[in-house]
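Asks: Next one to model:
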Amino acid sequence: MKLSIKRQSGVTLTGLILVGGLLFFLVVLGMKVAPDVLGYFTIVNNVKATAHDPALIGAGVPQVRSAYLKRIQLGGGSDVLPEDLEITKEGNEIVISFAYSKKIPLFANVSLLIDFEGSSK
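Replies: Predicted coordinates for the structure are as follows:
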């Protein structure tokens, strides 16, 4: 009688713990970073909507800042205030740009620093 030895395949307990720990870390990281990334996209939408507002054609910098302030009061995105905006004109088009950094604490003394920047262009 001939015995055939089959190799077992599968995940070991150690492998399962390592993969689970990595997935847990990625989920926690995503939960901490996601609100700030969504806030950035809100700011970009507010900046683009303000820059492309037909009522602001020919408006000065104070009027553009005031219009942006009204948008963030209604729609959120208060990480960038009106005085943080760089407002220029290219031809007849208003170009609004911004840049800011966000420090996100992860655990203990470990933080993640993200530099956000955007423009209405």
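Asks: could you pull out the helices for this structure?
Replies: Using DSSP state H, the helices of the chain run over 13-51, 61-75.
Asks: Out of those helices, flag the one nearest residue 115.
Replies: Among those, the nearest to residue 115 by C-beta to C-beta is helix 13-51 (10.6 Å). (Glycine included, C-beta is placed from N, CA and C.)
Asks: how about that closest one: buried residues?
Replies: Across helix 13-51, burial judged by 16 or more other C-beta atoms under 10 Å covers 39-40, 42-44, 46-47, 50-51.
Asks: the inter-axis angle of it versus helix 61-75?
Replies: In terms of direction (axes from the mean of the first three to the mean of the last three C-alpha atoms, to 10 degrees), helix 13-51 departs from helix 61-75 by 130 degrees.
Asks: Dig out what residue 88 forms beta bridges with.
Replies: residue 95 (DSSP bridges).
Asks: Give me the below-cutoff pLDDT ranges for the protein.
Replies: The chain contains residues with pLDDT under 70 at 1-4.
Asks: nearest to residue 110, of the helices of the chain?
Replies: Ranking these by proximity to residue 110 (C-beta to C-beta) places helix 13-51 first, at 10.7 Å.
Asks: Next, find the distance separating the residue minimising distance to the centre of the chain from residue 116.
Replies: Centroid-nearest residue in the chain, with C-alpha atoms, centre = their mean: residue 37, separated by 1.8 Å. For residue 37, the distance to residue 116 (C-beta to C-beta, to the nearest Å) stands at 9 Å.
Asks: Now do the contacts for the residue nearest to the centre of the chain.
Replies: Shown in contact with residue 37 (C-beta atoms under 8 Å, 6 or more residues apart in numbering): no residues.
Asks: What are the buried residues along stretch 80-96?
Replies: Buried residues in stretch 80-96, defined by neighbour count with 16+ other C-beta under 10 Å: 80, 82, 85, 87, 94, 96.
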